[in-house]
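In: I'd like to go over a predicted model; first the sequence, then the structure.
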Amino acid sequence: MNKIFLILLFCISFSLDKDWQVFGNHEISINSIIIEFKEEHAPLLGQEVPLTLSQISNLKNLDRNNNFKSIKPLIRTYENFTHLHISNHLHRYYRLEFKSPVYNLMDLISEIKTLPEVENVEFNFKMEAFLVPNDNYYSDQWALNNTGQAVSYNGNSVGTPGCDVDAERAWNVTTGNPNVVIAILDTGIDLDHPDLASELVGGYDFVDNDTNANDGNMHGTACGSIAAGTTNNGIGVAGVCWDCSLMPVKVLSDQGFGDFSDIINGVIWASDNGANVISMSLGGGGYQSSFDNAVTYANDNGTIVIAASGNDNGSISYPAAYEDCVSVGAMSPCNERKSPSSCDGENFWGSNYGNGLDFVAPGVRIHSATIGGYTSTFNGTSSACPHAAGVAGLIYSMAPELAPEDVRAAMHATCVDIGSTGYDTQTGWGRVNAFNAVSLFAAQPDAQVNVNEFNIEAGSNQTIYETINIANGLAGEAELDFLIAQDNYKWADSNGDMFESNWIELDNATIVVFNDNDNAPEPIDMQIEFPFDNRVFTQCTINPNGWIGLDGDSGAWDNATLPTNEVPGAAIFGMWDDLNPTNNQCNQYCSGEVYYQQYSDKFVVTFDNVAHWWTNFENTFYTFQMVLHVDGRIELNYLNLIGEVNSATIGAQANSDEAILISYNNNYAENNLTSNILPKAEWLEISPLSGNLMPGNNLNINLDINTADLVEGTYYDIIKIQTNDYNNYLFEIPFELNITDACSQWNAGDANNDGNLNVQDVILVLNIILGTSQGGECDLIVSDMNLDGNINVQDIILLVNIILAG
C-alpha cells in the first residue's frame, strides 16, 4: 500500500479553503512549494544575489501554463546571512509561488525533482495551533503549585498535591532576568494586555509581513502568559519566568493556521534578533529538511527551540520530532501523561508520546491570559510547551553562558521521574521541575563512579561479588541523589563500545512465501524456546512489512509508535514500514526475498534487498535481519539500506501497554549497524538501588552475580545510574559475563587431568572420599564416575575396572 508521512493535525475542527488541499493525512499549500537547490547551483546569500526564474531555464521550461509567479529565498532576511546560516544550508531553499492554485501538485514536484539543479522539493505544509479548548473557568493554577485544586471536565476537584513544576520554590532562587528573551511563535500576543505589555520586546508578524505582532486569536497570548506573564502585580495570572522578556512572533493567522515557510522564517528571525528561547505550541505536516535545518541553525546560534509534542494521543509531531528541538508532552493534574483516561475527565484527547519525547509539563485545565482578560482555561500540549519554555528562561537567568544543549541536559537531569524508572516513551525523563533546574546552578553535586565497564569470566554455578563505588567528590556543593534503573529491557548498539556490528550469513535458509505484501503466511516453528516478557515462544509469524509476530499477525502497513494495538501482543520490529517484498500479488515494483533459518541457539530472519512501497520512496531497498536468541536477547542487524530510512518503527513490544522503542520515523538505522535489545539480567542482583551522599562521601554499590543455571555463552546487561548531577546525570556501565565450561576438556576419572587414567587418579579420588582433599570443581565432576551425585567406593570400583581393562 501507499505510505505517506503521517502527522495528524490537532484542532478539533477546521475548514478547508482555496489555499489548501488534503494530501494523505496532511494539508498542503497549493499556491507554493519549497525547492532545495544543489550546493553548486545555490548562490551564497548575503554575499551573492539570489536566483531568479529567468536564470533557471530548466525550471522555466516546466511552466507550460505561465503560472509561475516568482521564486524567492525561503528566508526573508537572506541579505543578513552569515557563515552560520550558510553552513546550515539555509541559502539553498527557495519558495516557488504560483499565480493560481496547482491541484496536480505531485506531478509538478516529480518533474522539478528531475532537474539537474534541484536537490529536493518539499510541500509547504499547513500547520496549526495545538489547542484543545473548553469553556470551564477556574481560578487556581495547579501547574505552578498543585494542591489538588484542579477542576475536572466533570466538575469535581482532582490532582495530586505537589505534582507541578515547583515554581514557588524556584522563585526563591530566581524570578528571571529581563535580558533573557522568550520568543512565542504563534498567533501573536495581545500587545496591550496588562499582564503582558510590560514584558514585551519588539517582535514581527510574518503573516502580514509587518512589525505589528498583535494577537487576533488568543492562543499566542495564552502561551505568552504561561511562559512569562507579569507576576506579583495583584492581577491576573502568574508566569513561570515572570521577569523574563517576551518576543511576539506571529507565524499563525488569527484562525490559528500557518504554513511552514512563515514558521521557518520566524525561527530564523527570532534567533537572529536575540531570543534565548523559542516556544512553538504548533505542529502538523511531515518531515521537511528546510525546517529541520532552521531549527539546527537556531540551536547552533545559541537559541534553545522547544515545541509541543501534539494532542493526538499518538506519535510526536513535527517540529517537536526534529532532533535539535525539545519535545514537550502534557501531563494531567494527577502526575501522569495526559491521555483519554487520565483523571481530568477530558476523554477527547491525549498527549503525543514516543521515542524522542524530552519530558512532560502541565497541560490540561490551565488558567491563562486571553485577549483583554483571563476568562478561559487553556488545554493541550500548547500549554505544556510554554511551561517548559519558562523553565528554560529561569535556567538562562542563572547561567546565561549555557549552550542550548546544556540547558536541555539540565532540564533532563532535573525532571521528576513519574513513569517507568528512568527514561520512558510515555513521559520522557519525567515532569519538568523549575526548582530542581535552577538549583543546579546554585550548587552542584560531583557524581563519580570508579568503573566504566565489567567484563567477567566465570564458570557455571558460581557466585561472584563485585562493587561500584559511587562518590560525591570534593568539588560537590550539594547532596548527591542516585537511582539505579531496573528496566525489563534495555538496548545498546554498535555505535557504542559494548557491541560490534554483526551479520549472520545464512547457509541453509528457507524462503518465506507471501500471498500479498501486508500479511504473514502460516506460523513457523522456530525450533528453539525463545523467552520474552516472562513467556516462552516456539512459533512466530513473519510479516512482509519488516516484523516478527509472537502473538499473531496484522495487516497494518502504516507503522506506528510503540506500544501499539495495531499489532496483536508481543512482536519484534526490525524495520516496520510499508515494505514490498516478492509476493504472489506483486506489482511492478516488488522485489527482494525474505528468508529464515533455525539454529540450535537462535532463529534468524533476513530481509534481503526488499523494496519499500514505491510512491515517495523510489529506489529504496533494505537488507536487514532479526535474530532471536535462546537467552532472550534480540539482535537487529542492518547491512545495506538504500534510500530513505526515516519512516520505520524499530523496537519490540510485550503488549499494547509495554514496549521498548528504539526508533520511530527518524534516521536511526544505517549501514553496518547492530542493535541489541537485552532482557533484564536475572543473574545480577544490585544493592542499594538508590541513595544520597553529602559532598566528600562515597559508598559501595554491591553486585552479586549468580551463574547457576547459565549455560556456556555470553550474557549482557547495562547498569544505568541516574544522578542529580547536571554534568553526570546518567552513568551507563556495560556488563559482559562470559560463562565458560572449564571442565569440558576433562575426561571422566582423570582426576589430575594429565590425560591418563592410572593409580594416581585412584589415589586422588580416594582422598576426596576420605576428606583429606576437598578437590576442585572439575576434580569433583570427573570423580563422580556413575553420575549419581555422590563420590564413593562405587566410583573407585568403576575407575579401577576401566584402568584394568586397559
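Out: Thanks, I have it. This one's a predicted model, so the numbers in the text were calculated from it and none came from an experiment.

In: and the residue nearest to residue 680 when sequence neighbours are not counted, what is it in contact with?
Out: Excluding its sequence neighbours, the residue lying closest to residue 680 (Cβ to Cβ, 6 or more residues apart in numbering) is residue 488, at 5.2 Å. C-betas here are computed from N, CA, C, even on glycine. In this structure, residue 488 makes contact with 533, 654, 658, 679, 680, judged by Cβ atoms under 8 Å, 6 or more residues apart in numbering.

In: point out the least confident member of the residues you listed, please.
Out: pLDDT across the contacts of residue 488 is lowest for residue 658, at 88.

In: check which helices and strands the strand or helix carrying residue 635 is in contact with.
Out: According to DSSP states H and E, residue 635 maps onto strand 634-642. Applying 3 or more Cβ pairs under 8 Å, 6 or more residues apart in numbering; DSSP states H and E, we find strand 634-642 packed against strand 571-576, strand 621-629, strand 673-679.

In: same thing but at 10 Å, please
Out: strand 489-493, strand 571-576, strand 602-612, strand 621-629, strand 649-655, strand 673-679 (3 or more Cβ pairs under 10 Å, 6 or more residues apart in numbering; DSSP states H and E).

In: now render the ones you listed as JSON lines, adding mean neighbour count and distance to residue 295.
Out: Below are the helices and strands packed on strand 634-642 laid out as JSON lines (neighbours: other Cβ atoms under 10 Å; distance: least, Cβ to Cβ, whole Å):
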{"stretch": "strand 489-493", "mean neighbour count": "19", "distance to residue 295": "25"}
{"stretch": "strand 571-576", "mean neighbour count": "27", "distance to residue 295": "26"}
{"stretch": "strand 602-612", "mean neighbour count": "22", "distance to residue 295": "26"}
{"stretch": "strand 621-629", "mean neighbour count": "22", "distance to residue 295": "28"}
{"stretch": "strand 649-655", "mean neighbour count": "25", "distance to residue 295": "23"}
{"stretch": "strand 673-679", "mean neighbour count": "21", "distance to residue 295": "25"}
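
In: need the pLDDT of residue 621.
Out: For residue 621, the model assigns a pLDDT of 98.

In: that one contacts residue 610, correct?
Out: Yes. Between residue 621 and residue 610 there is a contact under Cβ atoms under 10 Å: 6.6 Å.

In: quickly list what's touching both of the two.
Out: Jointly contacting residue 621 and residue 610 under the rule Cβ atoms under 10 Å, 6 or more residues apart in numbering are 579, 580, 591, 592.

In: list phi and psi for the last one.
Out: Okay, so that is residue 592. In terms of degrees, to the nearest 10, the main-chain angles of residue 592 are phi 90, psi 140.

In: that one contacts residue 546, doesn't it?
Out: No. Counting by Cβ under 10 Å, residue 546 is not a contact partner of residue 592; they are 11.1 Å apart.

In: for these two, indicate the residue with more neighbours.
Out: residue 546 (27 against 18; other Cβ atoms under 10 Å).

In: my read: that one touches residue 624, true?
Out: Yes. Residue 546 lies in contact with residue 624 (Cβ under 10 Å); the separation is 7.7 Å.

In: now, which of the contacts of residue 488 sits nearest residue 761?
Out: For the contacts of residue 488, the residue nearest residue 761 by Cβ to Cβ is residue 679; the value is 42.3 Å.

In: got a list of what that closest one touches?
Out: The neighbourhood of residue 679, defined by Cβ under 10 Å, 6+ apart, consists of 487-490, 531-534, 629, 631-634, 715-717.

In: include distance to residue 640 when you put the helices and strands packed on strand 634-642 into CSV, please.
Out: What follows is these, written out as CSV (distance: least, Cβ to Cβ, whole Å):
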stretch, distance to residue 640
strand 489-493, 17
strand 571-576, 12
strand 602-612, 7
strand 621-629, 4
strand 649-655, 16
strand 673-679, 11
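
In: closest to residue 507 out of the ones you listed?
Out: Comparing the helices and strands packed on strand 634-642 under Cβ to Cβ, the one sitting nearest is strand 602-612, at 10.7 Å.

In: helices and strands around the closest one, which ones?
Out: By 3+ Cβ pairs under 10 Å, 6+ apart, strand 602-612 packs against strand 524-532, strand 535-543, strand 547-549, strand 571-576, strand 579-580, strand 593-598, strand 621-629, strand 634-642.

In: recalculate using a threshold of 8 Å.
Out: Using 3+ Cβ pairs under 8 Å, 6+ apart: strand 602-612 touches strand 524-532, strand 571-576, strand 579-580, strand 593-598, strand 621-629.

In: please consider this matter closed, and thank you.
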